[in-house]
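Peer 1: got a sequence here, can you model it:
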Amino acid sequence: MGKSYETLNDILVILFNDIMDIEEKAIISGDFCDISNNDMHIIEAVGNGEPQNMSTIAKRLSVTMGTLTTTMNSLVKKGYVVRQRSEEDRRVVYMSLTGKGKKAYAHHQKFHHEMIEAVVKDMSPEEEEVLVSSLSRLKGFFDKYEK
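Peer 2: Here you go, the predicted structure:
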């Protein structure tokens, strides 16, 4: 492996160390300077579709209900999400994005779209396939540590 080992290690370490900072600088700006990158990922988990219940969102993000509740309280106060209780079971709380939350969601999605476009811009279909396969193996490596 030799030189490619060192190069891959450097690239991965730099990416992992910088990606949240880079994403935050790109996304948490302008109209969205009142939230954090973590808040934006919670907005992304709530999604732009049907309301999501709190336990589903907590599971998707691998956070406790307490942690999620604290952040949701802040996002409700800032006008990004709204809560509504289930009619069938008042203990179940559903979250959905407000107009402001939907704009933040679209802003975040645009950044991710541009990032992927930049990566695959001049790749052949075969190169894309190798990249997807390689990154899937890397994700599998990290999935082992999540459990």
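
Peer 1: every contact and neighbour count from this point should use C-alpha atoms.
Peer 2: Fine.

Peer 1: who touches stretch 114-126?
Peer 2: By CA atoms under 8 Å, 6 or more residues apart in numbering, the residues outside stretch 114-126 that reach it are residue 128.

Peer 1: mind telling me what element residue 141 is part of?
Peer 2: Using DSSP states H and E, the secondary-structure element containing residue 141 is helix 125-146.

Peer 1: mean confidence for that helix?
Peer 2: Taken as a whole, helix 125-146 carries a mean pLDDT of 91.

Peer 1: same check, this time on stretch 39-47
Peer 2: Stretch 39-47 shows an average pLDDT of 94 in the prediction.

Peer 1: what residues sit buried inside stretch 43-51?
Peer 2: Neighbour counts using 16 or more other CA atoms under 10 Å place 43, 44, 45, 46, 47, 48, 51 of stretch 43-51 among the buried residues.

Peer 1: so the third one touches residue 61, yeah?
Peer 2: Yep, that's residue 45 we're talking about. Yes: in this structure, residue 45 is within contact of residue 61 by CA atoms under 8 Å, at 7.4 Å.
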